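In: Kindly generate the corresponding structure for this input.
(chains A, B, C and D, ligands or ions: 2)
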Amino acid sequence: MGSALKIKRPLTHNIYKKDFPLLHDTHPQLHYLDNAATTHKPQSVIDAIVDAYSQTYGPIHRGLYPLAEAATAAYEEARETLAHFIGAASSKELIFTRSATEAINLVAQGWARPRLREGDCIWVTRMEHHSNFLPWQRICSQKGADLKIVELKEDGMLDWESAEGLFDRPTRLIVLTQVSNVLGVENPVRAICAKAQQAGIPVLVDGAQAVGHQPVNVRELDCDFFTFSGHKMYGPTGIGALYGKIERLEEMEPLLLGGGIVDQVDDRHFTLGSIPERFEAGSPNLAGAIGFAAAANYLLEIGLAQVHTQVSQLSRAALDALSQCPDIRLLPGRNTQRHTIISFIVDGIHPHDLAQIAGEAGVAIRAGHHCCQPLMNTLGLNGTARLSLGLYNDAADVDALLLALDQARRLIG
Amino acid sequence: MGSALKIKRPLTHNIYKKDFPLLHDTHPQLHYLDNAATTHKPQSVIDAIVDAYSQTYGPIHRGLYPLAEAATAAYEEARETLAHFIGAASSKELIFTRSATEAINLVAQGWARPRLREGDCIWVTRMEHHSNFLPWQRICSQKGADLKIVELKEDGMLDWESAEGLFDRPTRLIVLTQVSNVLGVENPVRAICAKAQQAGIPVLVDGAQAVGHQPVNVRELDCDFFTFSGHKMYGPTGIGALYGKIERLEEMEPLLLGGGIVDQVDDRHFTLGSIPERFEAGSPNLAGAIGFAAAANYLLEIGLAQVHTQVSQLSRAALDALSQCPDIRLLPGRNTQRHTIISFIVDGIHPHDLAQIAGEAGVAIRAGHHCCQPLMNTLGLNGTARLSLGLYNDAADVDALLLALDQARRLIG
Amino acid sequence: MTTHQLYKDVLLDHYRHPRNKGNLDGARVVGRGSNPRCGDEIEVGLFSHGNMLDRVQFRGRGCSICIAAASMMSEALSGRSKTEAAQLSVVMHRWFGNGNGAKVEPTPPALEALSAVREYPARRKCVMLCWEALSEALFALDQTLRPL
Amino acid sequence: MTTHQLYKDVLLDHYRHPRNKGNLDGARVVGRGSNPRCGDEIEVGLFSHGNMLDRVQFRGRGCSICIAAASMMSEALSGRSKTEAAQLSVVMHRWFGNGNGAKVEPTPPALEALSAVREYPARRKCVMLCWEALSEALFALDQTLRPL
Ligand SMILES: Cc1ncc(COP(=O)(O)O)c(C=O)c1O
Ligand SMILES: Cc1ncc(COP(=O)(O)O)c(C=O)c1O
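Out: Ligands and ions are numbered 1, 2, ... in the order given. Okay, here's the model as predicted:
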């Protein structure tokens, strides 16, 4: 395996990188390939946050003075932008949370908990992230319900056709990720939602690894709930969102109680206010919402089809290059399609060592179980090495990884 | 009442205002007196957030490359800063949340819920914010426990000495705010904690209106839990914190489950990781934590005693001026001490109208129930007008309010 | 000095001298609206025969916008038909409803002064309190008119 | 090209040729340590009589740091007393423990090469895996030695 190995050149000069100050200015030598963990921020997102604090900052939904009205308008406009971004029918259906993780927990505690009965089932998949696995495991064990798992086929795709009872009566909810953060595969969400719809079973889709990387339309998917995070789509940390069909949201209780969610309170009772406010207890994350919307606008300007095409090309080239190395095992095999994420193992080199050596060579990849222990247990692995691509990556980043692989082989292999 | 009424001049030129770009540059004519709702941000906080995104941004607690290590170090340093800021014994005792509201809900759901039994009591006070009232109301009603309320004396202070059974056996938790967001009074938290300590009853203190305005030391207070928000102490939106004594945190379950909180996961079970990580499911709010710590550092540089003295002087002058107006009713009466918050009612002028007219005159005050309906019900009021002071206010702000009051009287009164 | 658009003469006149405010004794139906954010409350009574609203009257407590809006509503509707009232109610909800306030539709001159409030989202609810009370009253009226 | 401090010769030599790695049959006690973040696992066996650790041996799977650290530990402790082992364990926990790693204390020359890892918080756990296994083993040893 010579260090001469380079990927085919689908993308030699990236025109978006200049928008990202950390990558373009601060760390121009860095090859950042850990985008499934978190993405960097374009200047327009940073500027939007700065403006939020220095131009239109104030309390939301309460103040009667112009600055408070402006802040409230900016917050609600951010909601509109994000609702539109994922194709929601109305901005009422978009709830701001602190993260995708909170969004999922809100559905588990607020929607599933009150309606789950002993003997009911919730179905998840073998490839779920802990954030979309543990909340369901806990709620099932609390309510005497069954947590069932759709297993995977050899090629890493869901074996949902042989998941016995998936669409049967006791199933109260089906939960799955749109894109796996380990295998990189995309699940046939639309088909599953259609089947579930017929059977009257709601579906929650974890969109954390899909939104921002490809066009997403929740009405086309026809899912009941959809969750995603700002920081994984070039937006700020500390903000995420839950989309829910209005009928589902009407059935849901809030996870957090506090200021801003009630109509009437007396010593013994309270009545809830309207949707979506009732799910957003506490002072809203104004700057987070504005930065989140700025990220959506940044992506809309480029066009998500363009984003998707560009990253897919690079990803295919990377997959080709890696699959030429006889000491590399791809997970799943090379013939399965991925978008932005590639997991692999190098013979004789522990993923930790690989990530460390790559890191010192200026290549940021991830090693470990990627918060997917149920999957790792099944694969019989401790962990994998993972590269994950973003808008700003180009051939040089993948080449640098290939070089780092060689270094690791020389050093440790 | 002439428009000639001006407050005595304890503070004619504020040296801190220049640090706040929104007030100094963008809205130099604005008199912002709604600091109990949310505060503006100094340039150093905004800069810290910008730097977080453009200099040291990366995933937390996972990555093996230098940028991820740097981001993790920055996040944990922010935790150290805030733990130190409130006098915690160890940074392990400080959990980042999305808000004070989430921090309170975490204790209600994670600590109280598993240990509350039928017939137990939780005590709150008459002056609690909905965020520190509703979570306790819900948990008590879910568990068949009693929510008891410490009433207020005429002067707005807690009548805790006549709260029958407050320190008796069935009381499992006492919950109170350090400073009321309506009445502005400070509760004798230390004395209550001492008594509760003797009786073996944990105490949660809602510090949302205290932190950032006066020196706070949780070890001196000797409370078990303490909650506060970043955006009310000149920090970012979307971040808050829960302090808990390590013994209490060991008893607590997480509110959110997800990535980053577990040791081992299999299909049926999981084991929790260490404290505080186990309470911070999902990707941490890196920029939020860094901005939060920057706010603490900003205040530490000035000195909280200085902050407190300055604002108290201004507040006393404002109270004196308002109490000279025969058509103004102060809540509570003028002889009760306040720090930063003054609630009042003007005869014949609905608080909404007052706030609106003041708002158009460039004076930002709040009108309404301030998320304290249990208090409003008892006072027999719909709402009050409220002014609340921050570090950057000076005599001109209060004078402008007095002028706006005159305008409202002319227009509506 | 800013101009107090919102408190222009028409509104203030209605606030200072509310029309049709007072007793609801003898009303055929009464509806209630309340704004928990500020504790304000308006009751609207319909004095009617058949489909005609002979008189619309109100009572309650509220800020100037709330009282003025109720007063203006009572003037605009007295002597109109139930159907006309319902139609106007729809227009008002569009005008002042959450998030849908973008399109301005023609309104009766008697209500035009309220347009100033549209600039203040936080006060839309103050305008709509009486209209919510009206909706409740109209619904109740329908029930009384429906053949058993 | 960056210098690979962390993988300097000593560590790599221990990784490639681990000392005292292998069978734990006949060990007086065995302790386990595992890192759920990566699935790594080390078992440490103590071959001792009385308070003396004649031989410290290990087995398991792990990254280079994890294996090298175990190898170095086994060398450093073989032939020492139980008390010395416990003391060293405390020093190592201070050195590599979460958040308290600030102060550098004197360490035996045999372990000095590990100091490079202190710069990499995420890998401290890799070093400490064998020491956690040791703590468990020492605790078990105490139990066997305690008079009934
Ligand atoms: C006394 C008090 N407690 C709690 C809160 C809740 O804080 P947050 O909205 O930041 O969660 C507030 C502010 O709204 C408050 O004034
Ligand atoms: C597939 C998937 N779901 C959910 C999450 C949770 O997202 P967050 O950590 O932003 O809450 C992640 C990322 O960590 C993920 O990759």
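In: which residues touch the residue of chain C found nearest chain B?
Out: Scanning chain C for proximity to chain B using CB to the nearest CB identifies C:Gly39 as nearest, at 2.8 Å. All C-beta atoms are positioned from the backbone trio N, CA, C, and that covers glycine. If a contact means CB atoms under 8 Å, 6 or more residues apart in numbering or on different chains, then C:Gly39 has B:369, B:376, B:381-383 as its contacts.
In: Show me the beta-bridge partners of A:Val211.
Out: Taking DSSP bridges, one obtains A:Gln214 as the residues bridged to A:Val211.
In: Now for it, how many residues are close by?
Out: 30 (other CB atoms under 10 Å in any protein chain shown).
In: and it, what is it in contact with?
Out: A:85-86, A:228, A:232-233.
In: quick one: it from B:Asn297, how far?
Out: Counting by CB to CB, to the nearest Å, the gap from A:Val211 to B:Asn297 is 35 Å.
In: Using TSV, lay out the contacts of C:Gly39 together with secondary structure, pLDDT and neighbour count.
Out: Supplementary listing: the contacts of C:Gly39 in TSV, determined by DSSP: H, G, I helix; E, B strand; the rest coil; pLDDT from 0 to 100; neighbours: other CB atoms under 10 Å in any protein chain shown:
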residue	secondary structure	pLDDT	neighbour count
B:His369	coil	94	23
B:Met376	helix	95	20
B:Leu381	coil	92	17
B:Asn382	coil	88	23
B:Gly383	coil	92	26
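In: And the furthest pair within those?
Out: With distance counted by CB to CB, no two of these lie farther apart than B:His369 and B:Leu381, which are 8.1 Å apart.
In: for residue 145, what are its contacts?
Out: Let's take chain A. For A:Ala145, the residues meeting the contact criterion (CB under 8 Å, 6+ apart) are A:116-122, A:139, A:172.
In: not what I meant, chain C
Out: With contact set as CB under 8 Å, 6+ apart, C:Leu145 has these partners: C:50-51.
In: Please apply the same query to A:Gly165.
Out: Under the criterion of CB under 8 Å, 6+ apart, the contact list for A:Gly165 reads A:121, A:148, A:171.
In: Near chain B, list only the ones from those residues.
Out: Contacts with chain B within the contacts of A:Gly165, counted by CB under 8 Å from any CB of the partner chain: none were found.
In: List just the nearest of the contacts of A:Val211 to chain D.
Out: A:Lys232 (20.3 Å).
In: ok now do that closest one, which residues does it touch?
Out: With contact set as CB under 8 Å, 6+ apart, A:Lys232 has these partners: A:35-36, A:38-39, A:100, A:208-209, A:211-212, B:283.
In: change it to 6 Å
Out: A:39, A:208 (CB atoms under 6 Å, 6 or more residues apart in numbering or on different chains).
In: From B:Glu250, how far out is it?
Out: If you go by CB to CB, the gap between A:Lys232 and B:Glu250 works out to 32 Å.
In: Of the contacts of A:Ala145, select the buried ones using a PyMOL command.
Out: Selecting only the buried members of these in PyMOL, with burial defined as 16 or more other CB atoms under 10 Å in any protein chain shown, works like this:
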select buried, chain A and resi 116+120+121+122+139+172
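In: out of the contacts of A:Ala145, who's nearest chain B?
Out: When the contacts of A:Ala145 are compared for distance to chain B (CB to the nearest CB), A:Ile139 comes out closest, at 9.3 Å.
In: ok, and does the one helix or strand the closest one maps to reach over to chain B?
Out: Using DSSP states H and E, the secondary-structure element containing A:Ile139 is helix A:134-143. Yes: counting by CB under 6 Å from any CB of the partner chain, chain B has neighbours in helix A:134-143: A:134-135, A:138.
In: Show me what counts as buried in that helix.
Out: Judged by neighbour count (16+ other CB under 10 Å), helix A:134-143 contains these buried residues: A:134-140, A:143.
In: can you tell me the residue of the stretch 51-200 of chain A closest to chain C?
Out: Closest point on the stretch 51-200 of chain A to chain C, by CB to the nearest CB, is A:Leu64, at 5.2 Å.
In: Which secondary structure state does that residue sit in?
Out: Under DSSP: H, G, I helix; E, B strand; the rest coil, the three-state class of A:Leu64 is coil.
In: ok, it to B:Leu33 distance?
Out: The span separating A:Leu64 from B:Leu33 equals 12 Å under the rule CB to CB.
In: Next: A:Asn132.
Out: On the measure of CB to CB, A:Asn132 and B:Leu33 end up 45 Å apart.
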